[in-house]
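Asks: sequence-free structure coming up:
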């Protein structure tokens, strides 16, 4: 179980966190995509069967990213210390299909103390979502968190 950080100073490079598992059901995939990523391979199961890259309905990468971010920021880890961030570089190496379960893990890649802002630290985190059934990575995000000291 992840416990809340009380300060940036509790982190160390290489430290890892397990955010549990997630899955996105078909109705949620289509609902999200209709609003924010209206492409047929996200919105229409029949049309998605003919999508040359996927051959079936897949989650929007943006939806997958949002679900991961919700799990990370909605949990206790950063709740007391988060001051925002300024980037998330994301890749989706493999598609995520409806109801496929993936495990989300985080790793501290780098820690920085800005000289001009001694009240905060910057943590660069790598988040990886791996499909449980076959170990294939479906999302990888590297982002910066501004955290209270």
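Replies: Noted; the coordinates are in hand. Quick caveat: nothing in here was measured; it's all calculated off a predicted structure.

Asks: Please count neighbours and contacts with C-alpha atoms only from this point.
Replies: Fine.

Asks: In terms of secondary structure, what does the longest helix anywhere in the chain contact?
Replies: Among the elements of the chain assigned as helix by DSSP state H, the one spanning the most residues is helix 61-74. The contact analysis (3 or more CA pairs under 8 Å, 6 or more residues apart in numbering; DSSP states H and E) places helix 61-74 against strand 16-22, helix 26-36, strand 137-148.

Asks: Among those, which comes closest to residue 105?
Replies: Closest to residue 105 of those is strand 16-22 (CA to CA; 4.6 Å).

Asks: List the strands paired with the closest one, with their directions.
Replies: strand 102-112 (antiparallel) (DSSP bridges).

Asks: and the strand it pairs with, what's its mean pLDDT?
Replies: Averaging pLDDT along strand 102-112 yields 98.

Asks: again, but for stretch 42-52
Replies: 94.

Asks: Now that stretch: buried residues?
Replies: Across stretch 42-52, burial judged by 16 or more other CA atoms under 10 Å covers 42, 43, 44, 45, 48.

Asks: Determine which of the helices and strands packed on helix 61-74 approaches residue 63 most closely.
Replies: Using CA to CA, the nearest of these to residue 63 is helix 26-36, at 6.8 Å.

Asks: Just give the closest residue to residue 37, not the sequence neighbours.
Replies: residue 60 (6.7 Å; CA to CA, 6 or more residues apart in numbering).

Asks: Might one say that that neighbour is in contact with residue 34?
Replies: No - look at residue 60 against residue 34 with CA atoms under 8 Å: they stay out of range, at 10.3 Å.

Asks: hey, what's in contact with both of these two?
Replies: Common contacts of residue 60 and residue 34, defined by CA atoms under 8 Å, 6 or more residues apart in numbering, comprise residue 42.
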